[in-house]
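**Student:** Provide a 3D model corresponding to the input given below.
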Amino acid sequence: RAAMEGKQEEENKLKTSGKIEITNPSKEGWLEKQSRFLKTWRKRWFVLEGNILYSFKKEKVYSNPTEVIDLKVFSSVKSSEEYTNRSHSFDVYSKETSFSMVASSSNEKEDWIRNIGRAIITSRSGWQSNDYPNDSDSD
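**Tutor:** Take a look at the predicted model:
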């Protein structure tokens with residue numbers, strides 16, 4: 001029992017420094033993210049794995065994330081072009097906070113919204129994303 005509690009405790013800790021183990025990302029790519037305090041836009045490499053959305057300064061270099069967003073505590077993801085005045089922008093938000101991001105195209109934006117929305121739903125229900133049929137257009 002103590003071993004199980006220790007494992008659960010370890011899983012509850014979000015790793016925010018050092019090398020991050022990324023094994024099966026559902027989506028990754030460049031997005032611009034608005035900084036929380038200065039409200040400037042910065043290009044970051046985002047990786048969505050399970051219910052965690054990471055941002056990194058370099059492409060495919062999974063260490064020292066600039067942001068670790070646990071989607072379990074976020075309620076929704078939606079377009080935010082009216083709010084940000086930026087094309088292809090979307091927000092991930094909870095009652096307490098939100099993150100604004102900008103994709104490179106309308107298709108990329110919709111794909112991020114779909115994948116993040118799915119991660120939010122599955123993180124609450126305990127379902128795994130592979131319980132869903134593959135809805136990609138790559139057939």
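**Student:** Not counting sequence-adjacent ones, nearest residue to the spatially most central residue of the chain?
**Tutor:** For the chain, residue 53 is the residue whose C-alpha lies nearest the centre (CA atoms, centre = their mean; 2.6 Å). Nearest non-adjacent residue to residue 53, counting by CB to CB, 6 or more residues apart in numbering: residue 69, 4.2 Å away. The way it works is simple: take the backbone N, C-alpha and C, and place the C-beta from them, glycine included.
**Student:** Low-confidence ranges, the protein, go.
**Tutor:** Residue ranges of the chain with pLDDT under 70: 1-16, 126-139.
**Student:** circling back to that earlier point, so what strands line up beside the helix or strand in which the residue nearest to the centre of the chain is found?
**Tutor:** Per DSSP states H and E: residue 53 is located in strand 52-56. Its sheet considered, strand 52-56 pairs with strand 41-49 (antiparallel), strand 67-70 (antiparallel) by DSSP bridges.
**Student:** what comes up buried for it?
**Tutor:** 52-56 (16 or more other CB atoms under 10 Å).
**Student:** Kindly report the same for stretch 96-115.
**Tutor:** Buried, per 16+ other CB under 10 Å, within stretch 96-115: 98-103, 108-109, 111-113, 115.
**Student:** if we can go back for a sec, out of the strands paired with strand 52-56, deepest packed?
**Tutor:** With neighbours defined as mean count of other CB atoms under 10 Å, the strands paired with strand 52-56 peak in mean count at strand 41-49, which reaches a mean of 18.
**Student:** could you dump that strand to PDB, C-alpha only?
**Tutor:** C-alpha atoms of strand 41-49 as PDB (Å, rounded to 0.1, in the frame of the first residue of the first chain):
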ATOM      1  CA  TRP A  41       4.100  36.900 -27.400                       C
ATOM      2  CA  ARG A  42       6.900  34.300 -27.500                       C
ATOM      3  CA  LYS A  43       7.400  31.400 -29.800                       C
ATOM      4  CA  ARG A  44       7.500  28.000 -28.000                       C
ATOM      5  CA  TRP A  45       7.500  24.300 -28.900                       C
ATOM      6  CA  PHE A  46       4.400  22.800 -27.400                       C
ATOM      7  CA  VAL A  47       3.900  19.100 -26.600                       C
ATOM      8  CA  LEU A  48       0.700  17.600 -25.500                       C
ATOM      9  CA  GLU A  49       1.100  14.200 -23.800                       C
END
